[in-house]
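**Q** how would this look folded up:
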Amino acid sequence: MKDRAENAKAYIEGKYHKMKSDESNRKQAFDILEHKMQKLNLSGAEQELIKQDILHKEAELNRKMRKKISTKDFEPHSIIGRGAFGEVWICRHIET
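**A** Numbers count the residues shown, from 1 in each chain. Okay, here's the model as predicted:
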């Protein structure tokens, strides 16, 4: 029982450490971006448009990563095997 609690604690600590590290890296990348935009003498409106575009693309990527894969995401081509409990198909991922 104690091992399970320690494993759970380690998992949770690792997860939140990664989240904190990712957020720190994201903030650092935004700071670098702001510095480069200032070097290019972009107006405030142009800088804001670039930031909004980046945030929008990041949100799309996060949404895509959270999406669960289902059988609807694949197009079946042919059966390559049959057994007592099912069939094995060659499929193609529709998006790629």
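**Q** sec struct for the most centrally placed residue in the chain, please.
**A** Geometric centre of the chain, nearest residue: M65, 4.0 Å, by CA atoms, centre = their mean. Under DSSP: H, G, I helix; E, B strand; the rest coil, M65 falls in the helix class.
**Q** number the chain from 54, please
**A** That works, and once the first residue is 54, the last one we named lands at M118.
**Q** wait, what's in contact with it?
**A** Neighbour list for M118: empty [criterion: CB atoms under 8 Å, 6 or more residues apart in numbering]. Any C-beta I mention is one placed from the backbone N, CA and C, and that applies to glycine too.
**Q** gap between it and E87?
**A** Distance of M118 to E87, computed by CB to CB, to the nearest Å: 26 Å.
**Q** same deal with Q105?
**A** Computed as CB to CB, the Q105 to E87 distance reads 14 Å.
**Q** next: K68.
**A** From K68 to E87 the distance is 29 Å (CB to CB).
**Q** out of these two, which sits in the busier spot?
**A** E87 (13 against 10; other CB atoms under 10 Å).
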